[in-house]
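Undergrad: Could you work out the structure for the sequence below:
(one chain, ligands or ions: 1)
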Amino acid sequence: MERLQKVIASSGYTSRRKAEELIKEGKVKVNGELVKTLGVKVNLSDDIEIAGVHLTAEKKEYYLLNKPRGVISSAHDDKGRKTVVDLIETTARIYPIGRLDYDTTGLIILTNDGSLAQRLAHPKAKVEKTYIAKLNKILTMEDFYKIKNGLVIEGRKVIPTRLKIRSKDKEKETSLIEIAIVEGRNHIIKKLFAYLGYDVLKLKRESYDFLTLGNLKSGEYRTLSLKEVKKLYR
Ligand code: URA
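TA: You can find the predicted model right below:
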């Protein structure tokens with residue numbers, strides 16, 4: 001048994017907050033009876049009717065997208081820019097788990113499974129993500145070890161779980177760094193390098209937990225297998 005507003009929200013009909021408003025406005029019926037209070041618990045087998053429409057739980061969908069540059073990581077954009085959701089052919093109300101910057105490319109997961117999204121977004125989930133950052137300078141060994149040993153960024157220490165110099169271009173004076181972290185603060189990789197005076201010219205997420213991009217080209221996506229979804233739930 002779950003709260004009515006939660007069941008409505010996880011069906012994909014609307015957000016939990018809007019569902020609460022609909023209940024209070026007297027627009028929701030359970031098994032034909034009007035429900036106007038918020039405490040009511042229901043089963044998935046109960047017949048939920050909102051303003052005349054009967055709900056059926058939305059089937060859960062899971063996608064792994066290779067996000068291109070110039071696409072925003074949310075379900076809607078006020079400025080009308082293209083979003084990661086626009087790249088996936090589905091009618092389900094999916095949204096991305098976590099965020100990649102507008103100019104960041106690479107692996108992002110999209111789903112309409114709110115409980116998985118919540119679980120993975122929780123700091124306790126400790127999901128490791130691997131990024132490849134192209135820096136505007138050659139990373140010095142001194143700075144390499146500073147990052148490796150952990151830097152305090154905006155009051156919290158970031159210690160990479162993996163740090164490697166993939167390549168250095170001495171002519172162009174750029175370097176490619178592989179860095180894996182478990183934390184999920186927005187813009188954290190750019191902030192980390194900016195702290196030491198480096199600009200991130202390009203940023204790509206190569207892996208998310210055990211998931212990798214495989215052969216997916218920019219803008220391509222695939223569905224996750226049941227086995228992969230189960231593994232993410234662990
Ligand atoms: N860190 C960043 O700076 N940007 C991203 O998109 C992801 C992590």
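
Undergrad: ok, now which ones touch the closest residue to K168 other than its chain neighbours?
TA: Take K168 and drop its neighbours on the chain: the residue closest to it by CB to CB, 6 or more residues apart in numbering is S175, 4.7 Å away. Where you see a C-beta, it was placed from the backbone N, CA and C, and this is true even at glycine. If you count contacts by CB atoms under 8 Å, 6 or more residues apart in numbering, S175 has them with K134, L135, K137, I138, L139, I165, R166, S167, K168, D169.

Undergrad: Which pair of those residues spans the longest distance?
TA: Pairwise distances across the contacts of S175 (CB to CB) peak at 14.9 Å, for the pair K137 and R166.

Undergrad: Compare these two and say which is more crowded by neighbours.
TA: Regarding K137 and R166, a neighbour count based on other CB atoms under 10 Å identifies K137 as having more, with 16 against 11.

Undergrad: Can you name the residues bridging to the residue nearest to K168?
TA: For S175, the beta-bridge partners under DSSP bridges are L135, K168.

Undergrad: for the one 5 residues further on, same thing?
TA: Here A180 sits in beta bridges with T130, R162, as judged by DSSP bridges.

Undergrad: Count the neighbours of it for me.
TA: Other residues close to A180 by other CB under 10 Å number 15.

Undergrad: quick one: contacts for it?
TA: Contacts of A180 (CB under 8 Å, 6+ apart): E128, K129, T130, Y131, P160, T161, R162, L163, S207.

Undergrad: My guess is the fifth one contacts K148. True?
TA: Yes - counting by CB atoms under 8 Å, P160 sits close enough to K148 to count as a contact (6.6 Å).

Undergrad: Specify which residue of those two has the higher count of neighbours.
TA: Remark: of P160 and K148, P160 carries more neighbours, 23 against 14, as counted by other CB under 10 Å.

Undergrad: For V229, give its distance to the ligand.
TA: 23 Å (CB to the nearest ligand atom, to the nearest Å).

Undergrad: Spit out the contact partners of K27.
TA: With CB under 8 Å, 6+ apart, K27 has these contacts: I50, A51.

Undergrad: give me the number of residues near the nearest residue to Y102 once chain neighbours are set aside?
TA: Closest residue in space to Y102, ignoring its immediate chain neighbours: I72 at 5.7 Å, by CB to CB, 6+ apart. Taking other CB under 10 Å as the criterion, the count of residues near I72 is 22.

Undergrad: got it, and V84?
TA: Based on other CB under 10 Å, the number of other residues close to V84 is 24.

Undergrad: got it, and V42?
TA: 19.

Undergrad: Over to V7?
TA: V7: 23 neighbours (other CB under 10 Å).

Undergrad: Quick check: it touching V40?
TA: No - V7 is beyond contact range of V40, at 9.9 Å (criterion: CB under 8 Å).

Undergrad: what's downstream of the helix or strand bottoming out on mean pLDDT in the chain, the next helix or strand?
TA: When each helix and strand of the chain is scored by mean pLDDT, DSSP states H and E, strand 53-54 comes last, with a mean of 82. Downstream of strand 53-54, the next assigned helix or strand under DSSP states H and E is strand 62-67.

Undergrad: and after that next one, which helix or strand comes next?
TA: strand 95-96.

Undergrad: Now do that following strand: everything it contacts.
TA: Outside strand 95-96, the residues that touch it by CB under 8 Å, 6+ apart are S73, S74, A75, V84, V85, I108, I109, L110, T111, N112, A117.

Undergrad: if you average pLDDT over it, what comes out?
TA: For strand 95-96, mean pLDDT is 94.

Undergrad: Describe which strands it pairs with in its sheet and in which direction.
TA: strand 105-111 (antiparallel).
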